[in-house]
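[1] Provided below for reference: sequence and predicted model.
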Amino acid sequence: MALVSEFLGQLTLGFGGKEARFPTVVPAANFDPEKDASWIDTAIKTKGVEEHIIIDILTKRTYAQRREIALEYERKAKKDIITALKGALSGSLENVILGLMRSTVQYDAFELRASMKGLGTDEESLIEIVCSRTNEELLEIKKTYREMFKKELEKDVAGDTSGDFAKLLLALVQAKRDEPSNIVDYEKIDSDARALYEAGVKRKGTDVATWITIFSERSVPHLQKVFERYKSYSPYDMKESIQKEVKGDLEKSFLTLVECFENKQLYFASKLNDAMKGKGVKEKVVNRIVVSRCEVDLLKIRKQFKKQFGKSLFATIVEHTRGDYQRALLNLCGGDD
């Protein structure tokens, strides 16, 4: 069956090695995939479906453990777990649970494909994923995208976007960013800061190509110093300069990059806060961040959320969501702060 080959072919994929992980979902102790698979089978077959059992098992296991459960389920039930879950669940809960049945890199690849498939483009998803992932993550996403969809990510991005926005995304997807160095090159920091100023605020019309090169090729620690140095040339900081010089999706992309370079977890915390403001919840945004970051850095995102907004992510989810969907998100959130 398709799921078996997909899972067996899925290697444990890294996320850059150099970045420490702060997951909220960690391996379950005394893990028994056969027992979990049996419980899920019973929950699905029960009249009315026992969603809470499915939720409490799959949101409290890592992807590696969910993969084992899926294989056991297939062996026992003689059908793949994805098909069974699709038949048993619906709405936002279904989206969260099915998202968890993919590895983090598979999930990113799937979300990128969904953002460009069919009529119209979901630029928000495209910008968030491409602008926030590391070189290593982007290389893995490209490889997985090719395996899952038999398409090249670069070609799909080029076909679905245009102008300078397309050029920036394609430069990022090429994953040519310098690796961090122990040597601080003050001359290059000054040169890049001056180049950003002269390509933007100093002149009439923006030399976007220069901005794209510097933003997509320099290491993150280098760019943090460049943005600090930039203030000695420009009357505006980098974010203010972006807002003055470019508009639309290009502006959003450059701003996302700056925010991620400065504090990636704060960027995600702010996105979650914005998605749960007011009456309606932007469930797609909440799902994407919680599912994609729960085995990466959601613990740090939680801390940033509380620090920045004075209220825990857990309490915010309780306030803005309901029922089984809420239960799933709270389990993935991993606790209150």
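    Sure, I can see it. Numbers count the residues shown, from 1 in each chain.
[2] how about the strand or helix carrying residue 256: buried residues?
    For residue 256, the element it lies in under DSSP states H and E is helix 248-275. By neighbour count on 16 or more other Cβ atoms under 10 Å, the buried set for helix 248-275 is 249-261, 264-273, 275. C-beta coordinates here come from the backbone N, C-alpha and C atoms, glycine included.
[3] give me the helices and strands touching that helix, please.
    If contacts are counted by 3 or more Cβ pairs under 8 Å, 6 or more residues apart in numbering; DSSP states H and E, helix 248-275 sits against helix 123-132, helix 163-173, helix 208-217, helix 220-230, helix 238-245, helix 283-293, helix 298-309, helix 313-320.
[4] can you do 6 Å?
    Using 3 or more Cβ pairs under 6 Å, 6 or more residues apart in numbering; DSSP states H and E, the elements in contact with helix 248-275 are helix 123-132, helix 163-173, helix 220-230, helix 238-245, helix 283-293, helix 298-309.
[5] please save the CA atoms from the longest one in CSV.
    What follows is the C-alpha trace of helix 298-309 in CSV, where atoms were taken according to Å, rounded to 0.1, in the frame of the first residue of the first chain:
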residue,chain,number,x,y,z
LEU,A,298,7.2,25.3,19.6
LEU,A,299,8.5,25.4,23.2
LYS,A,300,10.5,28.5,22.5
ILE,A,301,7.6,30.0,20.5
ARG,A,302,5.4,29.5,23.6
LYS,A,303,7.9,31.4,25.8
GLN,A,304,8.1,34.2,23.3
PHE,A,305,4.3,34.4,23.1
LYS,A,306,4.0,34.8,26.9
LYS,A,307,6.8,37.3,27.0
GLN,A,308,5.5,39.4,24.2
PHE,A,309,1.7,39.3,24.8
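[6] now the helix holding residue 256 and helix 298-309, what's the angle there?
    Orientation of helix 248-275 against helix 298-309 (axes from the mean of the first three to the mean of the last three Cα atoms, to 10 degrees) gives an angle of 90 degrees.
[7] for helix 248-275, what is the distance to the chain centroid?
    Relative to its chain's centre, helix 248-275 lies at 12 Å (Cα atoms, centre = their mean, to the nearest Å).
[8] average model confidence for that helix?
    What helix 248-275 shows for mean pLDDT is 98.
[9] swap in stretch 225-236?
    Averaged across stretch 225-236, the pLDDT comes to 98.
[10] so where's the protein uncertain?
    Residue ranges of the chain with pLDDT under 70: 1-18.
[11] residue 35 is nearest to which of the helices and strands packed on helix 248-275?
    Nearest to residue 35, of all the helices and strands packed on helix 248-275, is helix 283-293, at 24.4 Å by Cβ to Cβ.
[12] what about the residue lying closest to residue 233 once chain neighbours are set aside, is that helix, strand or coil?
    Spatial nearest neighbour of residue 233, chain neighbours left out: residue 197 (4.1 Å); criterion: Cβ to Cβ, 6 or more residues apart in numbering. Look at residue 197: counting by DSSP: H, G, I helix; E, B strand; the rest coil, its state is helix.
[13] distance of residue 197 from residue 229?
    Relative to residue 229, residue 197 is positioned 10 Å away (Cβ to Cβ, to the nearest Å).
[14] show me which of these two is the more surrounded one.
    Counted by other Cβ atoms under 10 Å, residue 197 and residue 229 do not tie: residue 197 has more neighbours, with 21 against 18.
[15] my read: that one touches residue 232, true?
    No: between residue 197 and residue 232 there is no contact under Cβ atoms under 6 Å: 9.2 Å.
[16] so residue 281 versus residue 326, what's the distance?
    Distance, residue 281 to residue 326, using Cβ to Cβ: 10 Å.
[17] domains for the chain, by residue range?
    Domain ranges of the chain: 2-100, 105-173, 186-246, 264-333, per automatic domain parsing.
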